[in-house]
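Trainee: my questions are about this predicted structure, shown below with the sequence.
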Amino acid sequence: MHHTPCRAVISVCVIAAVLLFVGASAHVTDFLSHGLHPYDWAPGWLNIYWSSLALFDTLAAVFLIRGKRRGTDLACAIMATDLAANWYAVYGIQHSNLAAQPGLQRLTVFAALVLGTAPFIRRHLTN
């Protein structure tokens, strides 16, 4: 972990920040188009959670770009909870599966990237 190349740390932070900004823009668009409850099929608490990601995705991305550890910490918290929320939505509410949900597939890969690289890059970031 101590020998993670600087180039790798920067690359992961930039990739994660860009993808977090993409997520934030999707949540902002949903919020502006449909308010706090953009998904009629989802319970209110889930709609509120997803709408809140407009703010939290943006914060995590900004922190990562600035090289802050809290960016990694927030990104990990977002990815763990967002992945759980989306898996619940797909399996528990929509009664679908991973194969039928390309958005969930992409989110799962992104979560694996964030959660898998966090221990290696976190120590290279500042408080």
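Mentor: Structure received.
Trainee: residues contacting the residue nearest to the spatial centre of the chain?
Mentor: Per Cα atoms, centre = their mean, the C-alpha nearest to the average position across the chain is that of Met79, at 4.3 Å. Met79 is in contact with 110-111, 114-115, counting by Cβ atoms under 8 Å, 6 or more residues apart in numbering. All C-beta atoms are positioned from the backbone trio N, CA, C, and that covers glycine.
Trainee: what helix or strand does it sit in?
Mentor: For Met79, the enclosing helix or strand under DSSP states H and E is helix 69-87.
Trainee: which neighbouring elements make contact with the top helix by length along the chain?
Mentor: Ranked by number of residues, the top helix in the chain under DSSP state H is helix 6-34. Secondary-structure packing of helix 6-34 (3 or more Cβ pairs under 8 Å, 6 or more residues apart in numbering; DSSP states H and E): helix 44-65, helix 69-87, helix 102-121.
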